[in-house]
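*Asks:* Provide a 3D model corresponding to the input given below.
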Amino acid sequence: MSGKDFLSTLAKNAGRAQERVMQKLGKADETVDEVFQTHVKNFTKQLAVATRLQKDARSLMQAIQAMSNATKSLADSMVEAFDDGWSGATEFQEQAAIMVRSCHQFQQHAGELLSQSMNGYVNGQFPDLKNRIAKRDRKLIDYDRYRHALQGIKAKSKASDSKLTQAEEEHAQAKEIYEELNAQLNNDLPVFYEARIPFYKGVCHELYSAMFSFHETSTVTSCKLHQISAERSDISPAAAAIENLPSSIPNVAGLSGSTGFLGTASSTSPSHTTTSSSAVSQSASTGSANAAPAPVLSPAGKAPSTSNLHSSSSMGDVSGNSPSSGRGSTASGTAAAAAAATANAGNRKLSAANDDDAEITKRLEDLAVEFSGDSEPSSEPAPVLPPTAASVAAPAASSPATAKKKQGPKVLYTVRATHHYDGMEDDELTFGKGDIIMIVDTPPELELDEGWAYGVRQDGKKGVLPVNFTERLERTSKAYML
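*Replies:* Below is the predicted model of the structure:
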């Protein structure tokens with residue numbers, strides 16, 4: 001810039017500053033275009049919205065990138081955890097790779113869409129329009145300044161013709177430039193403002209289409225991963241016992257002296273019998289070897305073997321009852337011996353439980369003991385005697401008629417609670433989400449409406465419950481008698 005141009009620019013800026021001061025002080029009028037001011041207000045609002053959208057899109061991109069990285073890291077860890085020794089490892093690895101690839105594709109698609117579209121929109125068109133609006137404002141100040149100068153010269157009576165002519169030329173030139181810029185902006189600003197709708201619509205359509213595709217793929221992949229992880233064949237014995245409680249009840253409950261479990265006990269889960277039960281059985285056999293007890297007749301009139309009789313006596317110990325004797329024994333112990341003789345004919349072997357199942361077995365033992373305690377007591381209750389060799393050796397003295405016990409309800413199937421439920425009435429069962437409940441025969445005195453069932457919690461609490469608050473377990477054992 002030459003010195004002459006610099007002085008000219010400096011003079012223009014000084015004149016504009018002076019004109020602004022005069023207008024603010026009210027000593028000079030200002031040209032106002034209300035239509036243009038409306039367009040400028042819309043443009044300012046549009047710029048603020050676009051800037052915020054660009055900022056939020058940048059934050060979304062960072063979050064998508066973090067999610068993609070976290071998904072890949074999690075998939076790598078899960079694949080490493082479920083190694084080749086797991087039966088579903090190969091399929092699990094394939095689905096995890098699909099999940100990672102879907103996240104990466106979504107990140108790329110959304111990144112290109114948001115970065116290119118929003119950056120081009122905000123950084124491309126808005127700066128040009130802002131510069132044109134600022135230039136129009138400067139030319140408006142020039143136009144007002146030259147207009148006021150011309151009016152001042154005309155107001156003077158002794159003004160020379162040359163000054164008047166120069167003022168008119170400057171005024172006409174400033175007016176022409178201002179009106180040209182003002183007309184262009186009055187045409188361009190409304191068009192640009194209305195164009196925001198199709199632009200935002202296109203961006204949202206592309207973005208949410210990518211989101212929909214990503215979430216659809218993720219949903220399908222997640223369902224497949226869930227199915228692979230939930231395969232019953234891949235669940236450990238301890239986990240299977242927790243999720244499918246009835247499959248673990250028969251063998252453990254058979255040791256508790258409950259006639260129902262002994263009569264229908266399944267041998268599908270021998271690993272869930274307790275080591276303590278075997279020890280008690282051996283102890284009872286040792287204590288009764290010298291006494292040569294008489295066999296107890298079963299209801300069918302057959303005498304069981306001595307080994308089965310010893311097992312029956314040890315089962316009475318596990319259930320918390322003293323060994324039965326001729327003079328004083330509970331009906332529960334005698335009935336347990338009779339039922340054991342019927343069910344266990346044929347020299348049945350009990351295997352020791354795994355260490356991982358010890359805690360589960362203890363819970364089931366307690367449950368079986370409580371169920372056996374709910375049976376109908378004998379009409380002539382006898383005192384409980386401490387276990388001695390003599391009392392163990394004389395279980396046959398009890399009358400078969402006294403050994404009759406009332407069978408408990410039959411387990412129809414097992415359910416898991418999907419929601420928490422608080423019982424409203426006294427006969428309703430309260431349970432929490434995830435509780436295992438055994439559905440049993442409804443007592444004769446109860447009449448249940450449709451959608452209700454009668455069940456027993458793990459702690460022995462009984463009552464009616466709504467079926468729609470539970471889900472039936474896929475793998476249930478045969479019907480058992482509590």
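*Asks:* show me the strands in this structure, by range?
*Replies:* Using DSSP state E, the strands of the chain run over 410-417, 436-440, 452-457, 462-466, 470-472, 480-481.
*Asks:* quick one: the first one to strand 462-466, angle?
*Replies:* For strand 410-417 against strand 462-466, the angle by axes from the mean of the first three to the mean of the last three CA atoms, to 10 degrees is 50 degrees.
*Asks:* how many neighbouring residues does the closest residue to residue 105 other than its chain neighbours have?
*Replies:* Closest residue in space to residue 105, ignoring its immediate chain neighbours: residue 214 at 7.5 Å, by CB to CB, 6 or more residues apart in numbering. (Each C-beta comes from the backbone N, C-alpha and C, glycine too.) Using other CB atoms under 10 Å, residue 214 has 19 other residues around it.
*Asks:* repeat for residue 41
*Replies:* By other CB under 10 Å, neighbour count at residue 41 equals 10.
*Asks:* then residue 40?
*Replies:* For residue 40, the neighbour count with other CB under 10 Å is 17.
*Asks:* same check on residue 32?
*Replies:* For residue 32, using other CB under 10 Å, the count is 8.
*Asks:* do residue 22 as well
*Replies:* Neighbours of residue 22 (other CB under 10 Å): 16.
*Asks:* next one: phi and psi at residue 430?
*Replies:* For residue 430, the backbone dihedrals (degrees, to the nearest 10) come out as phi -90, psi 130.
*Asks:* nope, residue 444 is what I meant
*Replies:* phi -60, psi -30.
*Asks:* swap in residue 427?
*Replies:* In terms of degrees, to the nearest 10, the main-chain angles of residue 427 are phi -90, psi 0.
*Asks:* was I right about it contacting residue 465?
*Replies:* No. In this structure, residue 427 is not within contact of residue 465 by CB atoms under 8 Å, at 10.2 Å.
*Asks:* same drill for these two, tell me which one is more crowded.
*Replies:* residue 465 (25 against 12).
*Asks:* so residue 410 sits right up against residue 439, yeah?
*Replies:* No. Counting by CB under 8 Å, residue 410 stays clear of residue 439, with 9.9 Å between them.
*Asks:* who's more crowded, these two?
*Replies:* Neighbour count, other CB under 10 Å: between residue 410 and residue 439, residue 439 has more, with 22 against 15.
*Asks:* what pLDDT does that one get?
*Replies:* Here the pLDDT value assigned to residue 439 is 93.
*Asks:* who does it form a beta bridge with?
*Replies:* As for beta bridges, residue 439 partners with residue 413, residue 455 under DSSP bridges.
*Asks:* from residue 114, how far off is the residue nearest to residue 105?
*Replies:* 14 Å (CB to CB, to the nearest Å).
*Asks:* which parts of the chain are helices?
*Replies:* According to DSSP state H, the chain carries its helices in the segments 3-25, 34-81, 89-124, 126-155, 161-194, 196-229, 237-243, 249-254, 259-264, 275-288, 306-318, 331-343, 358-373, 389-393.
*Asks:* per-residue confidence averaged over the longest one?
*Replies:* Per-residue pLDDT values over helix 34-81 give a mean of 91.
*Asks:* what angle sits between it and helix 126-155?
*Replies:* Interaxial angle of helix 34-81 relative to helix 126-155 (the same axes, to 10 degrees): 160 degrees.
*Asks:* which of the strands of the chain comes out lowest on mean pLDDT?
*Replies:* strand 480-481 (a mean of 46).
*Asks:* list the buried residues for stretch 63-76?
*Replies:* The neighbour-count check on stretch 63-76 (16 or more other CB atoms under 10 Å) flags 64, 68, 71-72, 75 as buried.
*Asks:* point out where this structure drops to low pLDDT.
*Replies:* 1-8, 10-16, 23, 28, 157, 159, 231-409, 474-482 (pLDDT under 70).
*Asks:* quickly list the domain ranges of it.
*Replies:* Listed by automatic domain parsing, the domain ranges of the chain are 10-229, 240-406, 409-482.
*Asks:* got a list of what residue 64 touches?
*Replies:* By CB atoms under 8 Å, 6 or more residues apart in numbering, the contact set of residue 64 is 103, 106-107, 110-111.
*Asks:* do residue 92 as well
*Replies:* By CB under 8 Å, 6+ apart, the neighbours of residue 92 are 78-79, 82, 86, 225, 228-229.
*Asks:* quick check: residue 79 touching residue 93?
*Replies:* Yes. Assessed by CB under 8 Å, residue 79 is found in contact with residue 93 at 5.1 Å.
*Asks:* measure how buried the closest residue to residue 18 other than its chain neighbours is and give me the count.
*Replies:* Among residues not flanking residue 18 along the chain, residue 145 sits closest, at 7.8 Å (CB to CB, 6+ apart). With neighbours defined by other CB under 10 Å, the count for residue 145 comes to 22.
*Asks:* separation between residue 218 and residue 95?
*Replies:* From residue 218 over to residue 95 the distance is 11 Å, taken as CB to CB.
*Asks:* again, but for residue 443
*Replies:* 48 Å.
*Asks:* the more surrounded of those two?
*Replies:* Counted by other CB under 10 Å, residue 443 and residue 95 do not tie: residue 95 has more neighbours, with 21 against 13.
*Asks:* quick one: that one from residue 221, how far?
*Replies:* Between residue 95 and residue 221 the computed distance is 5 Å (CB to CB).
*Asks:* residue 160: how many residues sit nearby?
*Replies:* 10.
*Asks:* relative to residue 167, how far out is it?
*Replies:* Counting by CB to CB - residue 160 and residue 167 are separated by 11 Å.
*Asks:* residue 94 too?
*Replies:* As defined by CB to CB, residue 94 lies at a distance of 85 Å from residue 167.
*Asks:* between these two, who's got more neighbours?
*Replies:* Using other CB under 10 Å, the more surrounded residue of residue 94 and residue 167 is residue 167, with 19 against 14.
*Asks:* that one touches residue 153, doesn't it?
*Replies:* Yes. Residue 167 lies in contact with residue 153 (CB under 8 Å); the separation is 4.9 Å.
*Asks:* now residue 200: how far from residue 127?
*Replies:* 19 Å.
*Asks:* done for today, thanks.
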